[in-house]
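Undergrad: Structure for this input, please:
(chains A, B, C, D and E)
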Amino acid sequence: MSRRKRHKRPPPGAPPGTLVADPSAPRPVISVIAYSSDECMEQTIQDTAALREYLDRWPVTWINVDGLGDVQTIARLADILDLHRLAVEDTVNTHQRAKVEHYRNHLFMVVHMATYENSLETEQLSLFLGKNFVVTFQEGRPGDPFKPVRERIRQAVGHVRQSGADHLAYCLIDAVIDGYFPVLETTGERLENLEDEILARPTGGTASRVHQIKRDLMTLRRTIWPLREAMNSLLRDPSPLVTDETRLYLRDCYDHTVRIIDFIETYRELGSDLMDLYLSSISQRMTEVMKVLTIIATIFIPLTFISSIYGMNFQTERSPWNMPELTWYLGYPFALSLMAAMAFGMLSYFRRKGWLGSPAEPLDKGEDRSAETDNRGKSSPSA
Amino acid sequence: MSRRKRHKRPPPGAPPGTLVADPSAPRPVISVIAYSSDECMEQTIQDTAALREYLDRWPVTWINVDGLGDVQTIARLADILDLHRLAVEDTVNTHQRAKVEHYRNHLFMVVHMATYENSLETEQLSLFLGKNFVVTFQEGRPGDPFKPVRERIRQAVGHVRQSGADHLAYCLIDAVIDGYFPVLETTGERLENLEDEILARPTGGTASRVHQIKRDLMTLRRTIWPLREAMNSLLRDPSPLVTDETRLYLRDCYDHTVRIIDFIETYRELGSDLMDLYLSSISQRMTEVMKVLTIIATIFIPLTFISSIYGMNFQTERSPWNMPELTWYLGYPFALSLMAAMAFGMLSYFRRKGWLGSPAEPLDKGEDRSAETDNRGKSSPSA
Amino acid sequence: MSRRKRHKRPPPGAPPGTLVADPSAPRPVISVIAYSSDECMEQTIQDTAALREYLDRWPVTWINVDGLGDVQTIARLADILDLHRLAVEDTVNTHQRAKVEHYRNHLFMVVHMATYENSLETEQLSLFLGKNFVVTFQEGRPGDPFKPVRERIRQAVGHVRQSGADHLAYCLIDAVIDGYFPVLETTGERLENLEDEILARPTGGTASRVHQIKRDLMTLRRTIWPLREAMNSLLRDPSPLVTDETRLYLRDCYDHTVRIIDFIETYRELGSDLMDLYLSSISQRMTEVMKVLTIIATIFIPLTFISSIYGMNFQTERSPWNMPELTWYLGYPFALSLMAAMAFGMLSYFRRKGWLGSPAEPLDKGEDRSAETDNRGKSSPSA
Amino acid sequence: MSRRKRHKRPPPGAPPGTLVADPSAPRPVISVIAYSSDECMEQTIQDTAALREYLDRWPVTWINVDGLGDVQTIARLADILDLHRLAVEDTVNTHQRAKVEHYRNHLFMVVHMATYENSLETEQLSLFLGKNFVVTFQEGRPGDPFKPVRERIRQAVGHVRQSGADHLAYCLIDAVIDGYFPVLETTGERLENLEDEILARPTGGTASRVHQIKRDLMTLRRTIWPLREAMNSLLRDPSPLVTDETRLYLRDCYDHTVRIIDFIETYRELGSDLMDLYLSSISQRMTEVMKVLTIIATIFIPLTFISSIYGMNFQTERSPWNMPELTWYLGYPFALSLMAAMAFGMLSYFRRKGWLGSPAEPLDKGEDRSAETDNRGKSSPSA
Amino acid sequence: MSRRKRHKRPPPGAPPGTLVADPSAPRPVISVIAYSSDECMEQTIQDTAALREYLDRWPVTWINVDGLGDVQTIARLADILDLHRLAVEDTVNTHQRAKVEHYRNHLFMVVHMATYENSLETEQLSLFLGKNFVVTFQEGRPGDPFKPVRERIRQAVGHVRQSGADHLAYCLIDAVIDGYFPVLETTGERLENLEDEILARPTGGTASRVHQIKRDLMTLRRTIWPLREAMNSLLRDPSPLVTDETRLYLRDCYDHTVRIIDFIETYRELGSDLMDLYLSSISQRMTEVMKVLTIIATIFIPLTFISSIYGMNFQTERSPWNMPELTWYLGYPFALSLMAAMAFGMLSYFRRKGWLGSPAEPLDKGEDRSAETDNRGKSSPSA
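TA: Numbers count the residues shown, from 1 in each chain, chains lettered A, B, ... in the order given. Have a look, this model is predicted:
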């Protein structure tokens, strides 16, 4: 995978504006939706030339390109719409930070879409906003985040049909940003499951799962921080293409972005805290293991010593000093009593030190925990 | 819980301004207090239409809506008061960051109330400030933070009755912010209890309790940091709805917010330090356990070795080289003396290494600790 | 202690400007010093009315109120001097952040004094600077930080007698800030002692003492960071009450505050490093303990095994295969040699692994350490 | 190496502008490429005087100096092109931070090139941009990052031949910055390999390899952060030497720099996380080792104790109390049963505590891991 | 040392401008160098009055005061040169942060010099820059950082003799800042040595040595961060005393300061990483020790158990069930085979778990390490 990406990137020193298609990228599928407040027309086109007609006739045309595998088609499209070649290069080389760039007659924006199906996937969305058109380029992965927007246009829900291209751009960006919330919820659940696992019975894989979540959060963070800057510049920088009304809505998007960042940062901290909790849990278990070993060993080692003494073969008949206990009438009971006394002494020593009693108490899950469960719902993200 | 929230949030791509009620939210109860410097009238109303009369007649009308379970009622209310639909959407979707938004004829503010009863609970308060009205929306959880304010209006305590709607808004925000201090005090006590527990006798549950406090502090932090920004923008941004006199009072609120942040950050650090202290305490205990094991084992293992030697069955009669000690007159005392000498040597080695003496000294709680107790009171928060 | 504070704070929702005395606070003692460049008069007064005369007659009057236990007296004083009620409320509720507030005819400043006698104590100083007066409110704890200033006024040392009220205010603030340096020195010494303790012989109480210093530093930090902002605003914000000459002196105060912050941050890092050092020291000791155990156990366990073999009771007379060694002429010496060889082998294995030789080397305190001692003096704070 | 550098640096207190050649530096090789939109000429020159002719005749002259070992040649070159002596000093003393400096008639820029062949290498590139020339100084290490640019000039690819010196400078800077991406990819692969190693079988060298990557990332970070500032100042500061068209391209370079920083910071965090993962993996392994020891020891120690009891030599004939078991008909089976019962009891205790069953489960690499593999490709850098 | 400093500092509340000499400070030695572009005169003077003549006659006079032990002399000097008393106070109380202060007719600067001879030493340099003079106050420690500058003045190297007092001030500051680089190089070497020590054979003293370097870096950081601010303000703030030409040179000083900060921050991180590496190395060693113990113990404990069984004294003649093995013809070989089988089983279990084979592999120093060695030179600082 990483090898493919290396091949795709233009080699260092290539002239700017070079378009190099990723050979493994899917071929582009171009679908067009054009609408006025009264009508709405939808079509999947092959010939980019057909676009001119749309642009001339309809107040708003949305061209969605799904797949970046054919440089020629994209170049023709850019030609027709007069898109800047540097922006088009950034569209094809899908490794851009989120950003907003103002060109003479259009605005170029890069945003990333995130989905979580078994693993975290991000996909670059490049969006061009012109006077009467919006062009979106997706990498062509499965899934269509824009389905609800399409529905709203078709059924004239809300006032998207009454508004201009900038409102459509807002709707698309909004859909992308809202798409982060399910990902965050999944992440929140993964964290909760891990926390439960750590408190109940951590295994060797726990650490690597915590690590994996932290990696995902790093990836999310790297996509969302630049998005915040981009949204901010979209809000503040004057542009004739964005009306004040739309800016009001974009403020909402900006707020959502900041909330997503809040959650990511909180989750990142939680991830670190879980690692600490895991380490403390291992240490705790280790101490517990050691205590058991120590108790058993320190009780039996002295006992074994005593019994081994009376296993010595000094010849009692040679001298009255040689192990006279062996010949005592109550020698054996004496030895056993000695051992019992020693074991009892050890045990009371351990009890006094607090090693006995509840040596195996698991990480408690009492009232504090149940309280936490209620509370936890509060921190799950929603827009 | 987290599932419910997911259902409540409008799906990604929904048109802006969509009101979707959380099916589990309580139905709204609308209570109105209207007052002038002379009179004060209080009523719980069913029909939102009755509000128009209040607004026309009284200098200040405070409409408090407790519960967000009925979208129609809220929409009618918004209609009567001419509230912006984006703001109303944020009111119903109670997952907003604290913020202040300036609309044409009213100011919209989101604040969070925090309570701690067994667990930390936060609740969104949405506040609209108009020329002659204040509307507050609560999520409808038990407890009324505004009771003292109501009392002051009824009994004309302070100069709330002489002042306009902005002063009322200030009083409400002030009550919300002051509500954080008891939560902080509880948190401070939980931290102190945990510290005592760690120093005295840490259990497996200690780590998870520290973790829980750190989670609560993360939640508090996520609600209070945006509040600071919001208070700041309320103080600085010009608005015809807020008089300079009220701004002076709001500066006080801002100071309190900053003090709350100070405490949260300090507590967060304390939490991290407690985790460190806990880990060092476990390590210390582990070392102690190991020392006991090592001392017992290293004393008795050699002794047992000696006694096992004299338990060998080499036949003394076959050769004078075969265990002649067994036939000595003082063979047994000799062996015992050998063992005693060895044990004594080991013990003095351990004493020289400092392992004996006070091997089991608990975490000391001497003068430094008592000093700390005095000092600790100083760091408990109060407004 | 923390309970007392909770009672003292006005309940959430109380009207602003409410004065609630802490019942345990000492009753105020009001002492007045008034001076011109020629004369100086000093008096402890009971009746606040007497103040008017001072204010009319003397160019500079300094009213020092020690103890906040009588709300009426303080209210009367505020009345006479026309102090703003919000500022007076902040004076009585002694839980403010350091700050500077500009009111119409006076400037209000909150600063904290720190002392270290067995434990860290902080006390709020509220200072009002008017055209011809300075009022200071102390909480009334033992100790008078302003004694040298008083002396300088009495004996006309420096040019305090030639200057206005703002210079007096500067002198008082300067005395408060300089009071932090002895506290920092004590902290520095505590850190050095702890470092010596960790390097020499860490006990279970070491961790809790490091923790205690970190807590003290957190408290200091929480008092001093806002002070820096306050000093900065005092320096920059225009105010007719502060002359340019005094601002030049205040720059010095500001520099001292920044130096104090530098030291606190450095000490905080040192504290964290000490915790690390402590943990590494425990780990090191643990490893050492384990090595001793391992060496003793791995040497004697195989030896004991051999001797236990020759303690078996297989009947040599039944078969020549049954423990023929027992009947050898040199059976016993053979067994002992076997054991000696084994022990020697083990020992040389351990020596090759570097476990023997200097297994018990303490944390070295060689030349690097002595160098450090010299160096350490350099980092002790002085103004 | 570090000794050499110390000698090369002018001694403290040397007059500014002193040129001191590093004696071990290679002698400079000067190659010139001059071009107009129609023609292109390339030459390696010995005599710097020949340069004047180029500068007079060609619209753009690029002088590349490879090696800094001859101060005289460099000084002559600086003379001809009227380069500022402070800038020339910075060129020869190759330990500068990346920076842009505006001089009267030229712009001076320091950038660092990074390569990774077995180890990370950085090399300073000093670039002077004049009205009609670009001069680049390399330290003279093997490898030529500018080969593709040279090719583009020769073959008139892109519009470098149509543009001025500033565009050439952009191309060179772009080539340098793009050169960081292969280094980052290598680093990413090293991190992935280490992660696999830690999850599968960490050895003692793992920690030092993680440490080594962190060092490399620190070095990269120290070279790239100042570059960002430099690029920013190049973008923002007005300069007659840089056209607006070129600034548009430089914005692209700036974006790449920021992406590189993003990756470095992410990798740095990954590095720290790997260290944590490594430590948790060691702790986990330790606990596993301890469990095995504890299980074996606690099972056999009591058993051995019992058998050693029946190895005692109390004389059964002296008294019926002396080890009557020895004379029982089923004494031996009784003792064996006792041992078996004890062993069984211990085992079931351990099973109840969860120590048996899967005590040796390796760090799991299940579905979560395979998901991660897919995901990982996403975070590899490309421009 | 720290006691001395406490005595030296004016007590809290002392009037500003109080000069208190440190009784242990050396008596000042005043040396004067005056020069024009043609001549240069050098003298050590006793009588400060002689200075007036210099100031009247020479374009630039540099007065260097080495030692601060005589307040009267310094006060007289300040009088003659009309130095501000607050600045002079800061000169004598040598505990200032680096700073630049603009007074009416001179500029006051505090810088710190750092040297490393066995231990890190810092010394305050106070510098006054007037129209035609530079006064420098050193604390009077051994060593003269300004020797090369003196030489350059004497021998008219560079253009110091042609320039004004501000250029001289620049030269002195430059010499001080350049003096940090050897200190950094030493620190870099200490870090490398420690890294080698940790990788090869960490001892108990390693941690304390890492700690010591971190302390030194904290001290360096505390001196150099304010210096950066000071240099910045020197560069930006307009002052008639500093020409634009000199500002160009000061930019170079500023760059060096920033490079020093870069190195200090990198070294600080390296220090923290080394502590981590040390802890992981101890953990690794601990695990290794534990493995050896576990392997030996778990192999021999069961063997010993078997042999102790056959050491039991059950009387074989009483019953055929009592230890019939003892009377077998091949009883002893049977027992030995049993033990061998058990030992072999254990060993293969350990081999399968990967505990045998290379259990004692040291931290590897393979190709990755040698690469690192090359690379390391790159990060050593030079100006």
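
Undergrad: what about the biggest helix by length in chain A, average pLDDT?
TA: The longest helix of chain A (DSSP state H) is helix A:244-309. Mean pLDDT, computed over helix A:244-309, is 88.

Undergrad: residues touching the residue in the stretch 201-350 of chain A positioned nearest to chain E, list them.
TA: Nearest to chain E in the stretch 201-350 of chain A, going by CB to the nearest CB, is A:Gly311, at a distance of 6.8 Å. Every residue, glycine included, has its C-beta placed from N, CA and C. For A:Gly311, the contact set (CB atoms under 8 Å, 6 or more residues apart in numbering or on different chains) comprises B:Ser307, B:Ser308, B:Gly311, C:Gly311, D:Ser308, D:Gly311, D:Met312, D:Asn313, E:Gly311.

Undergrad: part of a strand, is it?
TA: No. Using DSSP: H, G, I helix; E, B strand; the rest coil, the secondary structure at A:Gly311 is coil, not a strand.

Undergrad: what about it, distance to A:Thr304?
TA: Counting by CB to CB, to the nearest Å, the separation of A:Gly311 from A:Thr304 is 10 Å.

Undergrad: Next, show the common contact partners of the two.
TA: With CB under 8 Å, 6+ apart, A:Gly311 and A:Thr304 have common neighbours D:Ser308.

Undergrad: so what's A:Gln124 bridging to?
TA: A:His112 (DSSP bridges).

Undergrad: is chain D contacted by the helix or strand just after the longest helix of chain A?
TA: As assigned by DSSP states H and E, the chain's next helix or strand after helix A:244-309 is helix A:331-352. Yes. Against chain D, helix A:331-352 shows contacts by CB under 8 Å from any CB of the partner chain at A:Gly331, A:Tyr332, A:Pro333, A:Ala335.

Undergrad: A:Ser24 - how many residues pack around it?
TA: Look at A:Ser24: counted by other CB atoms under 10 Å in any protein chain shown, it has 11 neighbours.

Undergrad: in stretch A:39-55, what counts as buried?
TA: Buried residues in stretch A:39-55, counted by 16 or more other CB atoms under 10 Å in any protein chain shown: A:Cys40, A:Thr48, A:Leu51, A:Tyr54, A:Leu55.

Undergrad: Max pairwise distance over those: which two?
TA: Farthest pair in the buried residues of stretch A:39-55 (CB to CB) is A:Cys40 and A:Thr48. Separation: 21.2 Å.

Undergrad: Got phi/psi on A:Pro28?
TA: Here is the backbone geometry of A:Pro28 (degrees, to the nearest 10): phi -70, psi 140.

Undergrad: and what of A:Gln43?
TA: phi -160, psi 150.

Undergrad: Next, the contact list for A:Arg57, please.
TA: Neighbour list for A:Arg57: A:Ala34 [criterion: CB under 8 Å, 6+ apart].

Undergrad: Now stretch A:219-231: buried residues?
TA: Buried-residue list, stretch A:219-231, by 16+ other CB under 10 Å: A:Thr219, A:Leu220, A:Arg221, A:Arg222, A:Thr223, A:Ile224, A:Trp225, A:Pro226, A:Leu227, A:Ala230, A:Met231.

Undergrad: whoops, stretch A:130-141 was the one
TA: A:Gly130, A:Asn132, A:Phe133, A:Val134, A:Val135, A:Thr136, A:Phe137, A:Gln138, A:Glu139, A:Gly140.
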